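[1] no sequence on this one, just coordinates:
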């Protein structure tokens, strides 16, 4: 299903896609970003360009480029657009899985919280509650439930 972009959001996607196209060394990559810029200018991104739109938004949102150039309102609007792309839907799936794992601890007395570095830009959060231990991996690509253990 195509993603429709309202006025200012469409203009930003068009500008950012055009900037990526101008820097692309590969003609195929340049063409893909040119197509994305043209689609954004029309206000609707077709299905075959949604993955590319997701990659563009993932990079520009996580780098802080959108917030720095356009402000928090547009950052929020583009975050909502990102969630409608394949990478964004995948991220939402990870969030739902983590929330489901956290629900197993809901209402239980909290015993401990521990955060450890798991590598550059990656962390591991251990939550112990009511005889259960949930371990979450946190990193640049999102959060995932690593394990849920029950005390016997």
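    On my side now, so go ahead. A quick note: this is a predicted structure, and the numbers were derived from the prediction, not measured. Residues are numbered from 1 along each chain as shown.
[2] give me the residues contacting the helix or strand hosting residue 146.
    Counting by DSSP states H and E, the element that carries residue 146 is strand 142-150. For strand 142-150, the external contacting residues (CB atoms under 8 Å, 6 or more residues apart in numbering) are 91, 94-95, 97-98, 100-101, 104, 124, 131-137. Every residue, glycine included, has its C-beta placed from N, CA and C.
[3] now the buried members of those.
    91, 98, 101, 124, 133, 134, 135, 136, 137 (16 or more other CB atoms under 10 Å).
[4] give the closest residue to residue 151 in space, chain neighbours not counted.
    The shortest distance from residue 151 to any non-neighbouring residue, by CB to CB, 6 or more residues apart in numbering, is to residue 131 (3.8 Å).
[5] which residues in the protein form helices?
    7-23, 27-42, 50-62, 65-70, 72-82, 86-103 (DSSP state H).
[6] packing partners for the fifth one?
    Just to be clear, that refers to helix 72-82. Packing partners of helix 72-82 (3 or more CB pairs under 8 Å, 6 or more residues apart in numbering; DSSP states H and E): helix 7-23, helix 50-62, helix 65-70.
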